[in-house]
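Participant: Sequence below, structure please.
(chains A and B)
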Amino acid sequence: MNQTVDALSQRAGQRRFPLIALVLLVPMAIINLVAFVLPVLRLGQISFMESRSGGVLTGNYSTESYIGFLTDRFSLDLIGNSLFLSLSVTFITLCCAYPIALFLHRVSPRWRNVLFVVTVSPLLVSSVVRTYGWMVILGEQGFVNGLLMSSGLISSPLRLVNNWMGVTIGLVEVLIPYMALSLIAGFGRLDVNLEEAAASLGANAWTRFRRVVFPLTLPGVALGCLLCFVLSISSFITPKLLGGGRVFLLATEIYDQAVIQLEWPKAAATSVIVLVIFGLALAFYSRVVRRFE
Amino acid sequence: MQMVERRGASANGDARPGDSEPAFLKLEGITKQYGTYTAVDNLHLDLPRGKLLGLLGPSGCGKTTTLRMIAGLLSVSGGQIKVGGDDIAQKPPHKRDIGLVFQNYALFPHMTVAENVAFGLEMRGVAKSEIATRVEEALEMVRLPGYGTRKPKEMSGGQQQRVSLARALVIRPRILLLDEPLSNLDAKLRDEMRVEIREIQQRLSITTVFVTHDQVEALTMCDCVGVMSGGKLAQLGSPEDIYERPANLFVADFVGRANALEGKIEDVDTVRFGDGVYKCDTHGARNGKATIVIRPHRVHVTPNRDRTLVSVMTNSVHGRVLRVTYIGDVVQYDIDTGTHVLKAEVHTASGGHAFAAGEKVLCEWKPQDMLVFAGGGQ
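Facilitator: Numbers count the residues shown, from 1 in each chain, chains lettered A, B, ... in the order given. Below you'll find the model as predicted:
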């Protein structure tokens, strides 16, 4: 009897679903089409165009931009740099955010909301402002060097900014809230009873973490890593400011090509390559996630 | 609710299950305090080897806290927990050798059934080949042979709870702890699982503590029952003790249904409530206020007739049926005696006499079915 009722309501629901769903999807679909799909197609088109010096498009099509990029030693280094930076930033962010997320998952509900707001509060300040803050903190006369020098641990200031170190520190700090949010979102299957069950079966704290807690948080870890990888490989402001012109990445290169050298086809081709990296990361992510199910 | 010690209860009602056999699990004054709140207050309890103890009580009475302290999931504020003579109160849970079954099963969702059951054996460094045999044996014991490759979410609640039981038992723990294991199951399955858990417990002869708020589970499954209230043990005894000879008003009221009537003790064998005087055993009390408890199903409801003809039941009162509640196996009558409303339960039988609301009836009961708690008042 109940099954019949369920089946009936389900069928009725299916019939009603498409119309309402379509109506609700239309505004978002239009915005996406005009503001995202069409520009990306246009980007793809430009990447196959030729340009004369001064940035004027000739109207001829060729694959010259791609060939030029993929045969250039410096360009290939950029891909390597960007991948290395993004992967290491993602890993460090994961290590920093994981304990925070685990703590937030376990803390009593009374404190959870407060601490949750504290965790994401950096997002209230623009990442540009935060990056300038890091320049001050990490500079030669900055807070960190001042502290280390006055404590006598070092005699001359460390170079913490205008290099890879600065970019890494800045990006990690910018990305921690995103990582923490993704982790918490993916911690749904983590039930404290499971850890207690594991303990009663003889697992010590480390084994409990390795065999029960960590495997169950993998969906959150995968989501957070995807998000942070994509955000850091496409980040521009932080590497530009904290790299001090010494850190060369795909995103900064695209900016130089488009705005300084006015080579739009080259910039477009580089952008398409970044887009391909995104696609690969997403494909990898969905493969990994399917494993958990 | 104020607890009233029943006079003379120690003479017959306090037969502690640990009297004849040495205790295997011994709780010696364990206490759990949260700030100024005492969740478990100086609890003493002995359980012989191979026995099943039910901890019964309303929510917040401290029964789950007690279980979690035995498991080591909560630290004790004071007291000792002895298993076979060793105090384990300060040991971490993974060194206690205790099997634990949770209300929500707590199976590892990312592992198969076999991996779940094998987990405890792996932790103990059991050889791979032996693990495989023991896992299969454990699954056979809970009547799930060949289910090893399934994932927990592909199984029903009852099956998951059986896997959970297999996982807890496969390590051959010294103590088995069950935390409301049947509460998430539907009624029919609960009846089956009750029998099954009891059978397995007796076959393995494993010392077990079973926490429940369901008196039917406590009375039907357990060798002895500890009724808890406000962090204290209100009574410890056999299921029959608890039901027939409750040590205090709390137990009488909590276990089973009860008519609790305010009255007065007239003599060692007489009490008064309402307009009537009734024969019973007051356990030596000669006067004072008392609360009198009569189980509804011990009240016999008969068609109205003259009280003087009554002889077998001794006690009787006239009344008028206020309300009839048909439950299926029994009919409940609320009967207005003029001064009190008496609840009575009568088993239904095909073609049997059923009374209608408004009908005049005679209620009768035996002296031994009146429990008298001197002091009265709630």
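Participant: Let me see the ranges of the helices in the stretch 101-250 of chain B.
Facilitator: B:113-123, B:128-141, B:157-169, B:187-204, B:215-221, B:239-244, B:249-254 (DSSP state H, counting those that start in this stretch).
Participant: Please tabulate these in a markdown table and include distance to chain A as additional columns.
Facilitator: The C-beta positions use only the backbone N, C-alpha and C, and glycine is treated the same way. Supplementary listing: these in a markdown table, determined by distance: least, CB to the nearest CB, whole Å:
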| stretch | distance to chain A |
| --- | --- |
| helix B:113-123 | 4 |
| helix B:128-141 | 13 |
| helix B:157-169 | 7 |
| helix B:187-204 | 16 |
| helix B:215-221 | 20 |
| helix B:239-244 | 27 |
| helix B:249-254 | 27 |
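Participant: what's the burial count for the nearest residue to A:Asn162 once chain neighbours are set aside?
Facilitator: Closest residue to A:Asn162 apart from its sequence neighbours, by CB to CB, 6 or more residues apart in numbering or on different chains: A:Gly244 at 2.9 Å. Residues near A:Gly244, counting by other CB atoms under 10 Å in any protein chain shown, number 14.
Participant: correct me, but A:Gly244 touches A:Trp164?
Facilitator: No: using CB atoms under 8 Å, A:Gly244 is not in contact with A:Trp164, being 10.8 Å away.
Participant: residues from the stretch 151-293 of chain A in reach of chain B?
Facilitator: A:189, A:191, A:193-194, A:196-204, A:207, A:211-212, A:215-216, A:292 (CB under 8 Å from any CB of the partner chain).
Participant: ok, now with 7 Å
Facilitator: A:189, A:191, A:193-194, A:196-204, A:207, A:212, A:215-216 (CB under 7 Å from any CB of the partner chain).
Participant: Give me the number of neighbouring residues for the residue nearest to B:Asp87 when sequence neighbours are not counted.
Facilitator: Distances taken as CB to CB, 6+ apart put B:Gln80 closest to B:Asp87, at 4.7 Å, once the chain neighbours are dropped. Counted with other CB under 10 Å, residues neighbouring B:Gln80 total 15.
Participant: Which secondary structure element is home to B:Gln80?
Facilitator: strand B:78-83 (DSSP states H and E).
Participant: what kind of secondary structure is the residue nearest to B:Ala374 when sequence neighbours are not counted in?
Facilitator: Nearest non-adjacent residue to B:Ala374, counting by CB to CB, 6+ apart: B:Ala285, 4.5 Å away. Put simply, B:Ala285 is coil when judged by DSSP: H, G, I helix; E, B strand; the rest coil.
Participant: Check the gap between B:Ala285 and B:Gly263 for me.
Facilitator: In this structure, B:Ala285 and B:Gly263 are 12 Å apart, going by CB to CB, to the nearest Å.
Participant: residues contacting B:Gly79?
Facilitator: Applying CB atoms under 7 Å, 6 or more residues apart in numbering or on different chains, we find B:Gly79 in contact with B:Glu28, B:Gly29, B:Ile30, B:Thr31, B:Ala89.
Participant: same thing with B:Leu169?
Facilitator: B:Gly99, B:Ala138, B:Leu176, B:Leu204.
Participant: check contacts around the last one.
Facilitator: Taking CB under 7 Å, 6+ apart as the definition of contact, the neighbours of B:Leu204 are B:Leu169.
Participant: Any of the residues of the stretch 151-293 of chain A next to chain B buried? List them.
Facilitator: A:189, A:191, A:193-194, A:196-203, A:207, A:212, A:215-216 (16 or more other CB atoms under 10 Å in any protein chain shown).
Participant: Spatially central residue for the chain, please.
Facilitator: The chain I'm using is chain A. By CA atoms, centre = their mean, chain A has its centre lying nearest to A:Cys228, at 2.3 Å.
Participant: please go with chain B instead
Facilitator: Note: chain B centre (CA atoms, centre = their mean) maps to B:Ala218, 3.1 Å.
Participant: Who are the packing partners of the helix or strand harbouring B:Val271?
Facilitator: In this assignment (DSSP H and E), B:Val271 forms part of strand B:270-273. Strand B:270-273 sits against strand B:259-267, strand B:276-279, strand B:288-294, with contacts defined as 3 or more CB pairs under 7 Å, 6 or more residues apart in numbering or on different chains; DSSP states H and E.
Participant: Touching, the residue nearest to the centre of chain B and B:Val225? I think so.
Facilitator: Yes: B:Ala218 lies in contact with B:Val225 (CB atoms under 7 Å); the separation is 4.9 Å.
Participant: Give me the contact list for stretch B:82-100.
Facilitator: A:197, A:199-200, A:202-204, B:24-26, B:28, B:71-73, B:76, B:79-81, B:168-169, B:171, B:173-177.
Participant: still on that earlier bit, check contacts around the residue nearest to B:Asp87.
Facilitator: B:Glu28, B:Asp87, B:Ala89.
Participant: ditto for B:Met228
Facilitator: B:Leu55, B:Leu56, B:Gly57, B:Cys61, B:Gly62, B:Lys63, B:Ala234.
Participant: Partner strands of whichever strand or helix holds B:Val331 and their direction?
Facilitator: Following DSSP H and E, one finds B:Val331 within strand B:330-336. Neighbouring strands of strand B:330-336 in its sheet, by DSSP bridges, are strand B:315-326 (antiparallel), strand B:341-347 (antiparallel).
Participant: Give me the below-cutoff pLDDT ranges for chain A.
Facilitator: A:1-17, A:293 (pLDDT under 70).
Participant: Where do the strands of it begin and end?
Facilitator: Secondary structure of chain A by DSSP state E: the strands cover A:49-51, A:57-61.
Participant: Most tightly packed of those strands?
Facilitator: Looking across the strands of chain A with neighbours counted as mean count of other CB atoms under 10 Å in any protein chain shown, the highest average goes to strand A:49-51: a mean of 17.
Participant: what residues does that strand touch?
Facilitator: Contacts of strand A:49-51 (CB under 7 Å, 6+ apart): A:Leu57, A:Thr58, A:Asn60, A:Tyr61, A:Ser62, A:Glu64, A:Glu263, A:Trp264, A:Pro265.
Participant: same thing but at 10 Å, please
Facilitator: By CB atoms under 10 Å, 6 or more residues apart in numbering or on different chains, the surrounding residues in contact with strand A:49-51 are A:56-62, A:64-65, A:262-266, A:268-269.
Participant: Report the contact partners of the residue nearest to A:Tyr285 when sequence neighbours are not counted.
Facilitator: Nearest non-adjacent residue to A:Tyr285, counting by CB to CB, 6+ apart: A:Leu226, 4.4 Å away. Counting by CB under 10 Å, 6+ apart, A:Leu226 makes contact with A:Thr90, A:Ser182, A:Phe278, A:Ala281, A:Leu282, A:Phe284, A:Tyr285, A:Ser286, A:Val288, A:Val289.
Participant: From these, pick the one nearest A:Thr71.
Facilitator: Closest approach to A:Thr71 among the contacts of A:Leu226 (CB to CB): A:Phe278, at 22.8 Å.
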